[in-house]
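Visitor: test case, fold it:
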Amino acid sequence: TDHSQSIKEWKDWILKNMIDERGLLYSNINKKNNKPGEEARGCALAYSIIFINMFDKELADKLYSNFRRHFFKEVSGFYLAREWITEGHKSDIDSGPILFGAGPVASALSIGTSKICNDPYLFESLSFAAEATTLPYETWSKKGYLLNVSLGEAVLLFCRTLRPWTEQTDKYKLQESVTK
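Guide: Residues are numbered from 1 along each chain as shown. Next up, the predicted model:
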């Protein structure tokens, strides 16, 4: 199925209506007036870029460049992602606790965003921060995190193993595994 027309219409609408003056994607739409609602948020932007990359790498790379410029801060030698650019916001269910202006959900999802956008330096820095702050432990049969819940572990797994998908290469790998 060819979705190129739908993707073009979506992209045109997004570029016209949902990009702020910094080149960042607003986080949501106000249902009452169909205009941008909340300013760009780290967790929403990181997650959006991962999926936009699947059908429009050029737009994803542009959004990532602006995201990288405005949302990351260095804390004790490694990078964390801000949840908001502006100060004064409180933690909520999406952000998790905000520490030093950074959000754990935005930082965790940014591991995947930096990986899919081919930024190994930020990927390594965010991965190290995740390991350091979640207190990993190992037993004979598994690795776990003292300061992490199952959903957090699932997000980290998703982001650390994410890779660009291409129809042709996956098609051949599937054929290989079926024929063995």
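Visitor: I'd like to know how many residues surround Ile7.
Guide: Residues within reach of Ile7, counting by other Cβ atoms under 10 Å, total 14. Where C-beta positions appear, they are placed from N, C-alpha and C, glycine not excepted.
Visitor: ok, the residue nearest the centre of the chain to Val75 distance?
Guide: Residue closest to the average C-alpha location in the chain (Cα atoms, centre = their mean): Ala46, at 2.5 Å. Per Cβ to Cβ, to the nearest Å, Ala46 is found 17 Å from Val75.
Visitor: swap in Gly103?
Guide: From Gly103 to Val75 the distance is 12 Å (Cβ to Cβ).
Visitor: between those two, which is the more surrounded one?
Guide: Gly103 (28 against 13).
Visitor: now the helices for the chain?
Guide: For the chain, helices defined by DSSP state H occupy the ranges 4-17, 42-52, 57-71, 104-116, 120-134, 150-161, 167-179.
Visitor: export the second one as PDB, just CAs?
Guide: Pointing back at helix 42-52 there. What follows is helix 42-52, C-alpha atoms only, in PDB (Å, rounded to 0.1, in the frame of the first residue of the first chain):
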ATOM      1  CA  GLY A  42      11.100  16.300  26.000                       C
ATOM      2  CA  CYS A  43       9.300  13.000  26.400                       C
ATOM      3  CA  ALA A  44       6.800  13.700  23.600                       C
ATOM      4  CA  LEU A  45       9.400  15.100  21.200                       C
ATOM      5  CA  ALA A  46      11.800  12.200  21.700                       C
ATOM      6  CA  TYR A  47       9.000   9.600  21.200                       C
ATOM      7  CA  SER A  48       7.700  11.400  18.100                       C
ATOM      8  CA  ILE A  49      11.100  11.700  16.400                       C
ATOM      9  CA  ILE A  50      11.600   7.900  16.800                       C
ATOM     10  CA  PHE A  51       8.400   7.200  14.800                       C
ATOM     11  CA  ILE A  52       8.600  10.100  12.300                       C
END
